[in-house]
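> Any chance you could fold what I've pasted below:
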Amino acid sequence: MYPRDHTLTKPLTDAACRKYAPGPKRRRIRDAGSRSLFLIIEPSGHKSWQMRFRTPTGRIGKLTLGSFDTSGRELKDEPKTEYIGTPLSLAAARLLAQKVLRERKLGRDPIADHKARKYRQRVEIEDRAANTFAATARRFIEEHARPKTRRWRETARLLGLQP
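Residues are numbered from 1 along each chain as shown. Predicted coordinates:
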């Protein structure tokens, strides 16, 4: 008999991915059609694609590629690592997993790259939010009107802000 961790698995099919039902615990189903790729099924019924592999530091790294796409649409071009986080079909998840594994062989760390890309997006969104009229008016009240003007409340009211 084989130990539990080394059971023989078959490649997943699109129909099988659709049919898997949620259970009382989180399920992780290995795809034998692609190395390091798993279908994760949450008790809520949400399905997603995840890769598990060793990072350059030796720790186990997990990278969630995206949710399972039930719409049946296919990607027209080869997926890029920027597609991480978008809904993916089985074929698209396999292609993206191959791309991630290829980057790992080239010496890159896809997990660190993904975290850096998310951080840059978050900073860009915060910068855009800070450059609105309301944010600039608040900054004007805090930095200039309040310390230098006795009637700063009136200035704030004229700008449409509640002091």
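> buried ones in stretch 16-30?
17, 27, 30 (16 or more other C-beta atoms under 10 Å). C-betas here are computed from N, CA, C, even on glycine.
> what's the answer for stretch 57-67, then?
In stretch 57-67, counting by 16+ other C-beta under 10 Å, buried: 61, 63, 65, 66.
> The first one should be in a strand, yeah?
Yes: with DSSP: H, G, I helix; E, B strand; the rest coil as the criterion, residue 61 is part of a strand.
> For it, which non-adjacent residue is spatially closest?
In space, residue 61 comes closest to residue 55 once its chain neighbours are excluded; the distance is 4.1 Å by C-beta to C-beta, 6 or more residues apart in numbering.
> The last one too?
Once flanking residues are discounted, residue 66 sits nearest to residue 88: 4.5 Å by C-beta to C-beta, 6+ apart.
> Pull the contacting residues for the most centrally placed residue in the chain.
The centroid of the chain falls nearest to residue 85 when counting by C-alpha atoms, centre = their mean (3.9 Å). Neighbouring residues of residue 85 by C-beta atoms under 8 Å, 6 or more residues apart in numbering: 64, 65, 66.
> Tell me the confidence at residue 74?
On the pLDDT scale, residue 74 is placed at 64.
> just to revisit the earlier point, how far away is the residue nearest to residue 66 from residue 51?
12 Å (C-beta to C-beta, to the nearest Å).
> which other residues reach the helix or strand that contains residue 51?
Element membership of residue 51 [criterion: DSSP states H and E] is strand 47-54. Defining contact as C-beta under 8 Å, 6+ apart, one finds that strand 47-54 is touched by 17, 20, 28, 36-42, 60-68, 88, 93, 96-97, 100-101, 104.
> Helices - which of these land there?
In helices, judged by DSSP state H, the following of the contacts of strand 47-54 are found: 17, 93, 96, 97, 100, 101, 104.
> sorry, back to before: can I get the buried residues of stretch 16-30 in CSV with distance to residue 148 and pLDDT?
Formatted as CSV, the buried residues of stretch 16-30 follow (distance: C-beta to C-beta, whole Å; pLDDT from 0 to 100):
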residue, distance to residue 148, pLDDT
17, 64, 89
27, 63, 93
30, 66, 92
